[in-house]
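Asks: Attaching a predicted model along with its sequence, questions to come.
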Amino acid sequence: MNKLRRIVRAGRTIAGGANILCAACCIATLASGPVLAAPQKAAAKSVSLKSAAAVKGRYFGAAIDPALLAEPSYRKLAAREFSAITPENAMKWQFVEPAEGAFNWRAADEVAAFARSNGQKLRGHNLLWEDHLPSWVANGRFTPAALKALIEDYVGVEVARYKGVVYAWDVVNEPFADDGGWRRGVLYDALGPDYIAIALRAARAADAHAKLYINEYNVERHGAKFEALYNLVVSLKHSGAPIDGVGLQSHFVAGQTPSDLPAILAKFAALGVDVTITELDLRIALPASSQSLARQAEDYRFVVDSCLSVARCVGVTTWGISDAHSWIPSFFPGYGAALLFDDGGNPKPAYAAAISAFRK
């Protein structure tokens with residue numbers, strides 16, 4: 001196993017038959033310039049989410065699906081409005097190495113190229129997640145020592161590939177269950193909580209400058225899950241493991257956005273790490289009414305205000321661009337209309353509310 005992966009790393013195997021060294025050259029080209037290109041003068045004159053956020057030294061981002069970039073309206077909106085992008089799935093281990101030793105970087109490279117061409121920050125999402133491992137890892141056939149080596153190798157390969165291109169990595173995604181206990185799976189069962197520090201150290205070794213995050217949901221209010229993540233950050237810093245930030249996913253119901261959010265952001269920041277909103281959406285019961293859209297707008301304003309109230313809150317990212325491609329209706333039947341743009345890509349009241357929060 002280790003011999004095979006060393007060969008892959010040396011550049012001799014990639015899914016689809018392409019030489020990985022050639023693909024790496026393309027990424028090297030992406031990384032040769034600054035991660036954020038200078039904005040064009042014409043773009044700077046127009047009001048957008050990214051220009052409004054920039055005034056306050058923040059970014060405003062969105063998760064994108066590279067398969068949708070072929071749609072001109074989707075591509076235009078992604079480029080015009082957002083200063084940071086996150087791949088929805090393209091950089092997850094499940095998709096970049098679906099078979100052992102056979103990497104497929106096409107979708108991830110496309111996202112990287114899009115970010116580079118539009119002068120956007122790129123957040124890498126994500127390196128380790130118990131729920132979405134490749135099937136050949138999830139089957140649990142590796143000994144603890146072999147799994148540790150596998151994690152170090154995989155994290156090193158992916159982070160090194162996008163060195164200088166990815167601004168920040170969600171190194172570990174959703175390590176906790178809702179009751180604050182550890183999420184059980186192959187990684188935790190074999191290595192215990194040490195798998196997190198193992199991944200963080202491997203990422204730092206591969207790129208000394210990328211920001212390293214832990215990303216979690218349902219930690220935006222005080223409770224067991226918040227305490228678990230807070231204590232994990234304390235423990236990691238005490239042990240010397242590299243941890244630069246905490247990402248709060250923030251999948252909320254409009255009208256139920258936790259009032260604890262500013263205090264939660266401030267408590268994490270007080271530990272000496274950056275904080276960011278990574279997957280924001282605010283779902284409402286369908287069909288949407290003028291009243292529910294107004295409530296949603298106020299909640300988007302509140303989230304932006306919460307970020308602005310904490311110096312180390314570096315930005316806000318929505319999980320998706322428009323309601324046309326949101327994940328919400330599939331996972332929460334009867335709910336939707338969760339993003340800043342409607343099915344036709346038109347700005348909703350929440351769009352104006354978010355911009356006004358940055359501009360006040």
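Replies: Received, thanks.

Asks: Give me the contacts around stretch 69-77.
Replies: 68, 78, 110, 114, 321-322, 325, 341, 345 (CB atoms under 8 Å, 6 or more residues apart in numbering). All C-beta spots, glycine's among them, are computed from the backbone N, C-alpha and C.

Asks: Which is the succeeding secondary structure element to the helix or strand that contains Ile151?
Replies: Following DSSP states H and E, one finds Ile151 within helix 144-161. Using DSSP H and E, the next helix or strand after helix 144-161 towards the C-terminus is strand 168-173.

Asks: Go ahead and name everything in contact with the helix or strand just after that next one.
Replies: Beyond strand 168-173 on the C-terminal side, the first helix or strand identified by DSSP H and E is helix 186-191. The contact list for helix 186-191, computed with CB under 8 Å, 6+ apart, reads 128, 130, 133, 137-140, 142-144, 147-148, 151, 175, 182, 195, 198.

Asks: do that again at 10 Å, thanks
Replies: Residues outside helix 186-191 that contact it (CB atoms under 10 Å, 6 or more residues apart in numbering) are 128-130, 133, 137-148, 151, 172, 175, 182, 193-199.

Asks: Next one, pLDDT for Met1 please.
Replies: The model reports Met1 with a pLDDT of 42.

Asks: now Gly33
Replies: Reported pLDDT for Gly33: 35.

Asks: contacting residues for the residue nearest the centre of the chain?
Replies: Closest residue to the average C-alpha location of the chain: His125 at 4.4 Å, with CA atoms, centre = their mean. With contacts defined as CB under 10 Å, 6+ apart, the neighbours of His125 are 63, 85-92, 111, 166, 168-171, 173, 213, 215, 247, 278-279, 317.

Asks: Can I get the buried part of those as one PyMOL selection?
Replies: A single PyMOL command is used to select the members of the contacts of His125 judged buried by 16 or more other CB atoms under 10 Å:
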select buried, resi 63+85+86+87+88+89+90+91+92+111+166+168+169+170+171+173+213+215+247+278+279+317
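
Asks: pLDDT below threshold where in the protein?
Replies: 1-45 (pLDDT under 70).

Asks: need the strands for it, in chain order.
Replies: Shown for the chain, the strands assigned by DSSP state E span residues 59-64, 84-87, 121-128, 168-173, 211-216, 245-248, 251-253, 274-285, 313-318, 335-336.

Asks: Make a markdown table from those and add distance to Glu298 to it.
Replies: Shown next, in a markdown table, are the strands of the chain (distance: least, CB to CB, whole Å):
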| stretch | distance to Glu298 |
| --- | --- |
| strand 59-64 | 18 |
| strand 84-87 | 24 |
| strand 121-128 | 27 |
| strand 168-173 | 28 |
| strand 211-216 | 25 |
| strand 245-248 | 19 |
| strand 251-253 | 12 |
| strand 274-285 | 10 |
| strand 313-318 | 15 |
| strand 335-336 | 18 |
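
Asks: wait, which of those is closest to Trp105?
Replies: Among the strands of the chain, the nearest to Trp105 by CB to CB is strand 84-87 (11.6 Å).

Asks: What strands line up against the closest one, and which way round?
Replies: Strand pairing for strand 84-87, determined by DSSP bridges: strand 59-64 (parallel), strand 121-128 (parallel).

Asks: want to throw the contacts of stretch 69-77 into a markdown table with neighbour count and distance to Asp299?
Replies: Listed next are the contacts of stretch 69-77 as a markdown table, based on neighbours: other CB atoms under 10 Å; distance: CB to CB, whole Å:
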| residue | neighbour count | distance to Asp299 |
| --- | --- | --- |
| Leu68 | 17 | 26 |
| Ala78 | 24 | 23 |
| Glu110 | 16 | 33 |
| Phe114 | 19 | 29 |
| Ile321 | 25 | 18 |
| Ser322 | 23 | 18 |
| His325 | 17 | 21 |
| Phe341 | 22 | 16 |
| Gly345 | 16 | 21 |
